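**Q** compute the structure for the input listed below.
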Amino acid sequence: MIISASRRTDIPAFYSDWFMERIREGFVLARNPLNIHQISKIKLTPDVVDFIVFWTKNPEPLLDKLDKLQDYNYYFQFTLNSYDTDIEEFVPNKGKYVISTFKKLSDMIGKEKVIWRYDPILLNDKYSIAYHIENFEKLAKQLSDYTEKCTISFVDLYKKTEKNLKGTNVIPFNDETIRDIAKELVSIAQQYNLKMDTCAEKIDLSDIGIEHAHCIDADLMERLTNCQYCLSKDKNQRKECGCAESIDIGAYNTCKNGCKYCYANYNRQWVLNNCAQQDNNSELLCDKVNEVLDKISERKMKTVKMAKTLAQNQLKLNF
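**A** Sure thing, here's the model as predicted:
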């Protein structure tokens with residue numbers, strides 16, 4: 001099975017000690033967001049965990065622990081934008097810290113395992129199209145030797161994100177504007193030998209060299225391990241999402257990055273209240289089991305790795 005750590009919160013940045021304790025214990029508990037008293041017990045042992053996909057804006061706290069993950073396969077979805085603290089309030093300074101962390105991580109595990117995300121793109125008076133073009137190129141120039149691909153997306157104005165973005169004067173996108181920005185960014189990416197794709201976007205940009213992303217990416221996993229995986233599309237994600245199925249072990253309203261465009265935090269006070277409950281020895285993230293109300297069910301876990309390696313299958317075909 002594939003473990004997502006996590007779309008809902010930045011585990012590497014804020015909960016690396018908790019995560020490593022869960023790895024040591026060999027399991028984790030996660031609430032069902034649609035039924036909070038329904039809890040899954042999820043095995044985290046190498047025999048059933050085929051890959052871990054980390055989502056982060058700052059993996060630095062996890063770097064000195066990666067040696068303890070030598071029995072696991074993993075890669076990183078690393079978001080590195082050009083926003084200031086008015087949009088990404090508590091993300092460390094990009095020039096002083098985050099870019100160097102990106103390079104360090106890439107040097108440690110290989111650039112094919114570090115996916116650069118420049119997302120979501122939003123527009124207002126400050127963050128104009130010209131601003132994004134200029135700053136995307138600055139980042140591409142610095143990161144091109146440390147990654148193979150950049151994934152972009154455009155901000156979705158859900159009710160939650162509209163509330164969080166109140167006062168930032170964000171301009172809604174139309175397809176023409178998306179296409180204009182995408183043309184400029186993919187041209188820059190190509191100059192630096194970077195592939196580009198879009199995350200969960202309806203618009204088809206394949207004619208300008210931008211494919212739809214698969215952030216939980218079976219093809220990448222097969223390339224990294226020379227194994228085949230039996231994976232289906234994740235039915236729990238949006239229709240436009242191309243991700244393979246995975247199990248997310250995070251929790252909403254626990255990310256301390258403070259990004260205004262975030263869909264996973266409802267309001268700051270909820271985040272503070274949840275974070276105050278954090279215990280690295282707890283099976284649940286920023287939470288504890290209610291013995292009266294909660295029901296824990298063991299999730300059926302199995303490897304999705306197929307028996308033969310790609311090389312063996314190819315040999316058989318050629319024979």
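
**Q** pretty sure Lys149 contacts Cys199?
**A** No - taking C-beta atoms under 8 Å as the definition, Lys149 is not a contact partner of Cys199, at 11.5 Å. To be clear about C-beta, it is placed using only N, CA and C from the backbone, and glycine gets the same treatment.

**Q** give me the more crowded residue out of these two.
**A** More neighbours surround Cys199 than the other of Lys149 and Cys199, with 21 against 18 (other C-beta atoms under 10 Å).

**Q** ok, the closest residue to Lys65 other than its chain neighbours - how many residues close by?
**A** Spatial nearest neighbour of Lys65, excluding adjacent residues (C-beta to C-beta, 6 or more residues apart in numbering): Met20 at 5.2 Å. A count of nearby residues for Met20, using other C-beta under 10 Å, gives 16.

**Q** Met20 and Tyr72 touch, don't they?
**A** No - judged on C-beta under 8 Å, Met20 makes no contact with Tyr72 at a distance of 11.4 Å.

**Q** for Cys227, give its distance to Asp50.
**A** Look at Cys227 and Asp50: by C-beta to C-beta, to the nearest Å, they are 8 Å apart.

**Q** joint contacts of these two?
**A** The contact sets of Cys227 and Asp50 overlap at Met221, Lys305 (C-beta atoms under 8 Å, 6 or more residues apart in numbering).

**Q** who has more neighbours, those two?
**A** The residue with more neighbours, out of Cys227 and Asp50, is Asp50; 23 against 20, by other C-beta under 10 Å.

**Q** contact partners for the more buried one?
**A** Each residue near Asp50 by C-beta under 8 Å, 6+ apart is listed here: Met1, Ile2, Asn73, Met221, Tyr229, Thr303, Val304, Lys305.

**Q** so which residues of the stretch 1-150 of the chain form strands?
**A** Along the stretch 1-150 of the chain, the stretches classed as strands by DSSP state E, counting those that start in this stretch are 2-5, 27-32, 35-43, 51-56, 74-79, 114-121, 149-154.

**Q** in TSV: the ones you listed, plus distance to Ala276 and mean pLDDT.
**A** Converted to TSV, the strands of the stretch 1-150 of the chain look like this (distance: least, C-beta to C-beta, whole Å; pLDDT from 0 to 100):
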stretch	distance to Ala276	mean pLDDT
strand 2-5	22	98
strand 27-32	17	98
strand 35-43	18	97
strand 51-56	22	98
strand 74-79	25	98
strand 114-121	29	98
strand 149-154	31	98
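
**Q** that concludes my questions; thank you for your assistance.
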